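Enquirer: just a sequence and a predicted model for now, questions to come.
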Amino acid sequence: MDIRVTPHPLAGSVTPPPSKSLSHRALIAAYLSRSTDSLANLASSQDIDATRRCLDALFSLSDGFPTLDCGESGSTLRFLIPLALVMRGGARFTGRGRLMERPQEPYFNLFREKGVHFERAGRALTVMGTLRPGVYALPGDVSSQFVTGLLYALPLLSGDSRIAVTSPLESREYVTMTVDVLKQYGIAVENRDFRDFFTPGNQKYAPCAYTVEADWSQAGFWYAARFAGAAVALSGLDEASPQGDKIVAALSDRLRGRGDVDIDLSQIPDLLPPLAVMAALRDGEKTVFSHAARLRMKESDRIASTAAMLRAFGVQCAEGPESLTVTGRETFSGCTVDGANDHRVVMAAAILATRADGPVIISGAEAVNKSYPTFFEEYKRLGGIADVL
């Protein structure tokens, strides 16, 4: 689906959707505690649908080896691999897009050590075996999702286990979210300074009435709109949230200052597209986004796709293996943007389009369904002009 955006100011009040990250985590815990009826304000998106679909298959009473269709959701895949081993002795995982190209080596290295069989062929990954209590060593610089996946499964084992993080843990606040959700569902985890996670065995998930809070990652796009001059008020956000992406508010303020700015993305990788829009609006100023190597293995190579999106508007960008440097400008060209099958690139382009000097066509705009299906509805409600071609 291609969309033509005709530049027009945005104004009004918006509440970001429920947190996708917390929705994944709460949904898994709710299934494990048999209390899905007590889960409120769950995000609606393709990724959350994938997690629900896979949990239905995993908890199915039918015999046989389960097949779990993860769509394009990396969280679904990585969170459920250890649970599938504990609950069903494994599963066959399938996916679309770039999902099966995304790194799984931290699990594979563990599986070799623990005697778990795995086989990746085309768009499918099969794992078979058993997890036993013990020490699970994981690198921290590939994805925190591997830690989260084990944190859901290890409490169900017959003895105590420990996750030893062998390199500095990136996206730490995502693990904080996991531990917080687990605690609310009755699971004890001892976080030892993000270097070691002690998990007692023989635990049971307890029913919990859980309400998913609004998503700070998606709020980033409305902060970018405000940076672009929109009179947009945000509501429903919890400033005491465990979501690390709440730092977007402070970073927005920082980017309003003069002078070059360096932003370390190691803990906040999802914020690159909206922050890059803000950087593009800093006329004559440079913004360097560093420690971003993991972004090359998202739904798109998000460093390259964000740079390509900005260049289409006439913005000067320089890519490094782990970085993106953006030199801001005052005016922006009407253009055609490749959405790169990346929901965050599409939304960033739509926000920057409000400042263009002519219409902007965004290809593959349906990618927003992955995380924020109502984005363009909200965009138009706020005065944006977006027409499906």
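Expert: Structure received. Residues are numbered from 1 along each chain as shown.
Enquirer: what segments of the stretch 51-200 of the chain are helices?
Expert: In the stretch 51-200 of the chain, the helices defined using DSSP state H, counting those that start in this stretch lie at 74-88, 105-114, 145-153, 172-184.
Enquirer: closest to Leu131 out of the ones you listed?
Expert: Of all the helices of the stretch 51-200 of the chain, helix 74-88 sits nearest to Leu131, with 5.0 Å by C-beta to C-beta. C-betas here are computed from N, CA, C, even on glycine.
Enquirer: backbone torsions only: list them for the most far-flung residue of the chain relative to its centre.
Expert: Largest separation from the mean C-alpha position in the chain: Asp63, at 32.9 Å (C-alpha atoms, centre = their mean). With angles defined as degrees, to the nearest 10, Asp63 sits at phi -70, psi 170.
Enquirer: what count of nearby residues applies to Arg98?
Expert: Using other C-beta atoms under 10 Å, Arg98 is surrounded by 16 other residues.
Enquirer: and Ser266, by the same measure?
Expert: With other C-beta under 10 Å as criterion, Ser266 counts 18.
Enquirer: also Gly259?
Expert: Residues lying near Gly259 (other C-beta under 10 Å) number 7.
Enquirer: quick one, what contacts the nearest residue to it once chain neighbours are set aside?
Expert: Nearest-residue entry for Gly259: Glu285, 6.7 Å, with adjacent residues in sequence omitted and distances by C-beta to C-beta, 6 or more residues apart in numbering. For Glu285, the contact set (C-beta atoms under 8 Å, 6 or more residues apart in numbering) comprises Arg258, Gly259, Asp260, Val261, Ala279, Thr327, Gly328.
Enquirer: hmm, 7 Å instead?
Expert: By C-beta atoms under 7 Å, 6 or more residues apart in numbering, the residues touching Glu285 are Arg258, Gly259, Asp260, Gly328.
Enquirer: bridging residues for the nearest residue to Tyr136 once chain neighbours are set aside?
Expert: In space, and not counting its chain neighbours, Tyr136 is closest to Ile163: 5.0 Å by C-beta to C-beta, 6+ apart. Note on Ile163: beta-bridge partners Tyr136, Phe197, judged by DSSP bridges.
Enquirer: so who does Ile163 touch?
Expert: Tyr136, Leu138, Val147, Leu150, Phe197.
Enquirer: what packs against the helix or strand hosting Trp222?
Expert: Taking DSSP states H and E as the definition, one finds Trp222 inside helix 216-227. Secondary-structure packing of helix 216-227 (3 or more C-beta pairs under 7 Å, 6 or more residues apart in numbering; DSSP states H and E): strand 231-234, helix 248-255, helix 272-280, helix 343-352.
Enquirer: closest to Glu319 out of those?
Expert: Closest approach to Glu319 among the helices and strands packed on helix 216-227 (C-beta to C-beta): helix 272-280, 11.7 Å.
Enquirer: the closest one vs helix 248-255, what angle?
Expert: 20 degrees (axes from the mean of the first three to the mean of the last three C-alpha atoms, to 10 degrees).
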